[in-house]
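Peer 1: mind folding the following:
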Amino acid sequence: MIGSRSSNSISRSNEDVGAGAGCHAGAGCHAGAGTQYGRRRRGVVVMRFADKVCVVTGAAKGIGLATAQRLAAEGAHVVLAGRDGHALERAARTFQGAHEPLCVSLDVGEDDQCAQAVETVVARFGRIDVLVNNAGIYAKGDVVSTSPELWARILQINLTGAFYMSRHVVPHMMRRRYGVVVNVASEAGLVGIRGQLAYNVSKAALIGLTRSLAVDLAPYGIRVNAVCPGTTWTPLVERAVQAESDPAAARRALEECRPLGRLGSPEEIAAAVCFLASDECGFATGAVLAVDGGYTAQ
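Peer 2: Residues are numbered from 1 along each chain as shown. Model prediction:
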């Protein structure tokens with residue numbers, strides 16, 4: 001991600017990561033939180049997620065929050081899941097959809113907490129239609145500087161957390177023979193990015209999990225896809241850039257390493273997640289969509 005952290009420091013913000021990493025940082029944002037979503041067809045706004053129950057992990061800010069806001073604006077009952085209950089409550093107050101979000105505190109790295117969260121959602125709504133596994137953490141480190149503890153924690157949150165959430169949500173989807181899981185991986189899962197070994201491996205494995213789930217669950221009408229963001233201008237990335245000795249130069253360097261010459265916005269990644277989660281993309285399962293400004297095309 002940004003080369004300003006110590007080799008074994010962990011970014012604890014599940015809500016910010018899920019945004020690529022490596023040669024990155026942000027640039028001009030696009031659709032803001034107040035954007036009116038929904039697809040217009042012959043002058044009529046079509047709400048793709050009307051009354052669907054959608055769970056988003058790492059939902060307090062960044063890509064997770066933008067995704068949850070878009071789902072809600074398109075008619076969904078949204079569940080905001082994350083480690084920081086107070087941050088989730090603050091995020092919930094920004095929503096303007098027809099349904100008030102449900103906030104659920106959990107650590108996705110703990111199987112029992114994932115099970116309890118899923119049961120809470122099902123008790124409230126009776127089902128889960130869409131699961132977005134967005135929670136993740138990031139740290140720098142190569143094979144020498146990465147401690148066993150750091151390695152284990154990154155894989156526990158970025159990979160095993162998605163497994164835990166999926167294993168508890170999927171049985172409810174199987175009973176209805178309908179559901180969609182979208183995993184937020186990274187461009188770092190598609191190419192090797194120097195100096196972030198555990199993060200790269202966790203995201204590559206998450207892509208593997210996506211494909212395995214897709215083939216296992218297709219007979220039950222459940223689709224599983226992944227979005228691979230490039231570095232996105234989230235609060236985490238902004239803080240990392242500001243911590244550099246020359247923030248302006250750091251930002252320029254991060255923008256210039258991708259063909260489009262800028263970074264993504266959380267809203268752009270959210271648009272991709274929602275497309276893969278929608279029924280209009282109903283023939284896609286096992287798909288891995290890079291949304292990275294052309295970084296992995298080079």
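Peer 1: rest of the way, CA atoms for contacts and neighbours
Peer 2: Will do.
Peer 1: if I look at residue 81, how far off is residue 91?
Peer 2: 11 Å (CA to CA, to the nearest Å).
Peer 1: identify the contacts common to those two.
Peer 2: residue 60 (CA atoms under 8 Å, 6 or more residues apart in numbering).
Peer 1: number of residues surrounding residue 151?
Peer 2: Number of residues near residue 151 (other CA atoms under 10 Å) recorded here: 19.
Peer 1: likewise residue 242?
Peer 2: 14.
Peer 1: and residue 81 and residue 91? Which one has more around it.
Peer 2: residue 81 (28 against 19).
Peer 1: contacts for the helix or strand encompassing that one next, please.
Peer 2: Here residue 81 sits within strand 77-82, counting by DSSP states H and E. For strand 77-82, the surrounding residues in contact (CA under 8 Å, 6+ apart) are 14-15, 51-60, 68, 71-72, 88, 92, 99-108, 121, 135.
Peer 1: switch the cut-off to 6 Å
Peer 2: The contact list for strand 77-82 (CA atoms under 6 Å, 6 or more residues apart in numbering) reads 51-59, 72, 99, 101-106.
Peer 1: then stretch 140-153?
Peer 2: Stretch 140-153 has contacts (CA under 6 Å, 6+ apart) with 7, 195-198.
Peer 1: and of those residues, the nearest to residue 185?
Peer 2: Nearest to residue 185 out of the contacts of stretch 140-153 is residue 198 (CA to CA; 13.3 Å).
Peer 1: who's in contact with that closest one?
Peer 2: Per CA under 6 Å, 6+ apart, neighbours of residue 198: residue 151.
Peer 1: my read is it is in a helix, agree?
Peer 2: Yes - counting by DSSP: H, G, I helix; E, B strand; the rest coil, one finds residue 198 located in a helix.
Peer 1: what about the helices in this protein?
Peer 2: Ranges of helices in the chain, per DSSP state H, are 62-73, 85-92, 111-125, 148-155, 161-176, 197-217, 235-242, 247-256, 266-277.
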